[in-house]
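Student: 3D, please:
(chains A and B)
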Amino acid sequence: MKAKSPAYPYLAWMIIFIVAPLLIVAYFAFTDKTGAFTLANISQAGQFSPVLLKSVYLAAIATVICLIIAYPLAYILSRTKVRTQRMLVMLVMLPMWMNFLLRTYAWMTILENNGILNRFFGLFGLGPFEMINTQGAVVLGMVYNYLPFMILPLYSIMEKIDGSVIEAAQDLGCSSMGVMRKVVLPLSVPGITSGITMVFVPAVSTFIISKMLGGGGNLLIGDIIDLQFLGLDYNPHLGSAISLVLMVLILLCMSIFNQFDNEEAVLL
Amino acid sequence: MKKLSKLYLGIVFFFLYAPILVLIVFSFNQSKSRSVWTGFTLDWYVKLFHNEVILNSLWTTLSIALIAGVVSTILGTAAAVGISSMRRGPRRLVINTTYLPIMNPEILTGVSLMLLFSFLAIPRGYLTLVIAHITFCVPYVILSVLPKLRQMDRFVYEAALDLGCSPRKAFFKAVVPQIMPGIMTGFLMALTYSIDDFVISYFVSGSSAQTLPITIYSMTRRRVSPEINALSTILFLAVLTVLLLINVKDAKIWKERRKKEAARL
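Tutor: Predicted coordinates:
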């Protein structure tokens, strides 16, 4: 089996439908309507830096909350009996298989001004609270939708941690906090980094969750891109410029983050 | 400690499932209200099955998933075979490019394909949806077949050649059976991602062809209708059944393997 030829149809497909579209985005970002080179789109994209910062901020909060919720859960999962483990992992994956629009829609009905939560508070004479169309609702939507993406990589790395390593640490006089800090945490770093990537990237670029739960007042960078391509502000040149900025930003975040990850690995 | 972890599991699973439960409960609600219970009914299910738009988009979703699944499985498996015999440098380049659609935010893939189609003057519709779905499915197939090719026993292929098989026959008789689990995983992943995709489809679909997620999106935008709840309930039950079946099958395989091991000892 020394033939490269079976890959040729895919290579053609890859060049036309993966590489070329990205080059077209770059081309659009640096040209105006007449096709002349310009930097105006990029500088215009700068106007949206508050939105971009807000997207990064909300996505970062959601990622941290996911990590805080998922870490103990993944640890508990990885230490239960194999049979229950399989069932619990299935239960974690099940909501992921529902379309995220339906899951977000469910939260819309819960958080509404006359939704279930407000009616529940009403029983005690509280509220109604303004819950939907807030930043908090957007973060909640992100956490709810992407939590399994944090749990699963953490779980699959913790499952591989040998129970005898933990026992050895305990035998050698480690407290349970010490075991966590000195054994489990260092060994689970790869799971943490891939979990963070898997939550942060979709969260920072989302445009539906913010639209459905954030109302019109909490537009994120994904919404702005959507508006340039399919919305009233139709301007694919500006949209491409913002997309390009978003891509560079994500790559930058990831490389800074991976740097940190490598140093961590060396230290331990 | 045991009790504490059980409590914690309970809280997280409550968080994960309460919203879905609410959806399901209100699919049986008589009034259109999303928060007040007025009585039991199955009307919304009846209406759902008479809703042409939903049924059409369900058909579109399934047919696109099947076409994209089959095409991307063939394209991806062939690609993996070719890639694995490339030299290190080009192989790295191709694999890294293959990772792009997986690593990039979905919105970027959607927007870039939309620009490509308008550049090539292909009207947005069924064809563009199929192309886009194949494009984001192929990487998953390649990445699940490649490791199987690496683990594969190469001598079986050579033995088949020595015993008089043509290279083509040797490939189908000696290589394909060995990498079959990877091909199946890739195919199933392609199906799942295709059925579930909203963001990329949103940018490349026209009014002529809509997938189910796009229809759901326009339903949540336009007006309140418990038909969505009914639809969610059905989809949830479908997914639950599939997962349970997979789990039962896996458990069986696992049990048999243990039995065999026990017999060997």
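
Student: Could you measure from residue B:249 over to residue B:255?
Tutor: For residue B:249, the distance to residue B:255 equals 11 Å [C-beta to C-beta, to the nearest Å]. For glycine as for every other residue, the C-beta is placed from the backbone atoms N, C-alpha and C.

Student: right, I mislabeled it, should have said residue B:17
Tutor: For residue B:17 relative to residue B:255 (C-beta to C-beta), the value is 28 Å.

Student: Return the per-residue confidence for residue B:48.
Tutor: You'll see residue B:48 listed with a pLDDT of 89.

Student: does it sit in a helix or strand, and which one?
Tutor: helix B:43-49 (DSSP states H and E).

Student: can you tell me if that helix touches chain A.
Tutor: No: judged by C-beta under 8 Å from any C-beta of the partner chain, helix B:43-49 stays clear of chain A, getting no closer than 13.6 Å.

Student: Buried residues, the helix or strand following that helix. List them.
Tutor: Sequence order places helix B:52-84 as the next helix or strand after helix B:43-49, per DSSP H and E. Residues of helix B:52-84 classed as buried by neighbour count (16 or more other C-beta atoms under 10 Å in any protein chain shown): B:54, B:57-58, B:60-61, B:64-65, B:67-69, B:71-84.

Student: excluding its backbone neighbours, what's nearest the closest residue to chain A within chain B?
Tutor: Among all residues of chain B, residue B:82 sits closest to chain A, at 2.4 Å; criterion: C-beta to the nearest C-beta. What sits nearest to residue B:82 in space, not counting adjacent residues and going by C-beta to C-beta, 6 or more residues apart in numbering or on different chains, is residue A:7, at 2.4 Å.

Student: Now that that neighbour has come up, it's in contact with residue B:81, right?
Tutor: Yes: counting by C-beta atoms under 8 Å, residue A:7 does reach residue B:81; the two are 7.3 Å apart.

Student: follow-up on the earlier one: for the helix holding residue B:48, list every residue counted as buried.
Tutor: By neighbour count with 16+ other C-beta under 10 Å, helix B:43-49 contains the buried residues B:44, B:45, B:48.

Student: for the stretch 51-200 of chain A, what spans make up the strands?
Tutor: Counting by DSSP state E, counting those that start in this stretch, the stretch 51-200 of chain A has no strands at all.

Student: Could you check which of residue B:17 and residue B:255 has the larger neighbour count?
Tutor: residue B:17 (14 against 10; other C-beta atoms under 10 Å in any protein chain shown).

Student: ok, now which ones touch that one?
Tutor: residue A:95 (C-beta atoms under 8 Å, 6 or more residues apart in numbering or on different chains).

Student: Quick one: mean pLDDT for the secondary structure element (helix or strand) that it belongs to?
Tutor: In this structure, residue B:17 sits in helix B:2-26 according to DSSP H and E. Per-residue pLDDT values over helix B:2-26 give a mean of 92.

Student: now swap in stretch A:66-75 and tell me
Tutor: Across stretch A:66-75, the per-residue pLDDT values average to 96.

Student: contact partners of it?
Tutor: Applying C-beta under 8 Å, 6+ apart, the contact partners of stretch A:66-75 are A:143, A:146-147, A:149-151, A:154-155, A:158, A:184, A:188, A:191-192, A:195-196, A:199, B:5, B:8-9, B:12.

Student: among the residues you listed, which are in helices?
Tutor: A:143, A:146-147, A:149-151, A:154-155, A:158, A:191-192, A:195-196, A:199, B:5, B:8-9, B:12 (DSSP state H).

Student: List the contacts of the residue nearest the centre of chain A.
Tutor: Most central in chain A under C-alpha atoms, centre = their mean is residue A:199, positioned 2.4 Å from the mean C-alpha point. Counting by C-beta under 8 Å, 6+ apart, residue A:199 touches A:62, A:63, A:66, A:67, A:142, A:146, A:147, A:149, A:150.

Student: again, but for residue A:229
Tutor: Residue A:229 makes contact with A:236, A:239, B:111, B:114, B:203, according to C-beta under 8 Å, 6+ apart.
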